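A.B. asks: Sharing a sequence plus its predicted fold:
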Amino acid sequence: MAQDRDHINASDVGTYLFCKRAWAFERQGAPSAREPERARGTVYHEQHAQRVVAVSQTKGLSAAALIVGVVLIILGLVALIFAWG
């Protein structure tokens, strides 16, 4: 897997700790025997990132709905007070 060689990521560290020779081969662009596992890991992380974004958007909408609900309750109470007053 050819990567940007200006930095080392967690996968590089894991590969190095597992096998220094495998790490060196990978840095030279040699194919890895663990490519299927890496592909599954990439898919998993992409799906997880999409779920995180979706949850973040949902939290924002929930907060907005809560604020609108509180404002409506306050307006309703104010209207009741003026109707009785």
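C.D. replies: Right, received. Where do you want to start?
A.B. asks: Quick check, central residue of this protein?
C.D. replies: In the chain, the centroid-proximal residue (CA atoms, centre = their mean) is residue 49; its distance is 3.2 Å.
A.B. asks: Might you calculate how far the helix or strand hosting it sits from the centre of the chain?
C.D. replies: Assignment of secondary structure by DSSP states H and E places residue 49 within helix 35-84. With CA atoms, centre = their mean, to the nearest Å as the basis, helix 35-84 stands 15 Å off its chain's centre.
A.B. asks: re the thing from before, pLDDT at the residue nearest to the centre of the chain, what is it?
C.D. replies: What the model reports as pLDDT for residue 49 is 93.
A.B. asks: ditto for residue 4
C.D. replies: For residue 4, the pLDDT comes out at 57.
A.B. asks: Check residue 54 too.
C.D. replies: Looking at residue 54, its pLDDT reads 91.
A.B. asks: what about it, distance to residue 20?
C.D. replies: 40 Å (CB to CB, to the nearest Å). Heads up, the C-betas are built off the backbone N, CA and C, glycines and all.
A.B. asks: Then residue 72?
C.D. replies: The gap separating residue 72 from residue 20 is 64 Å, by CB to CB.
A.B. asks: I am finished for the moment; much appreciated.
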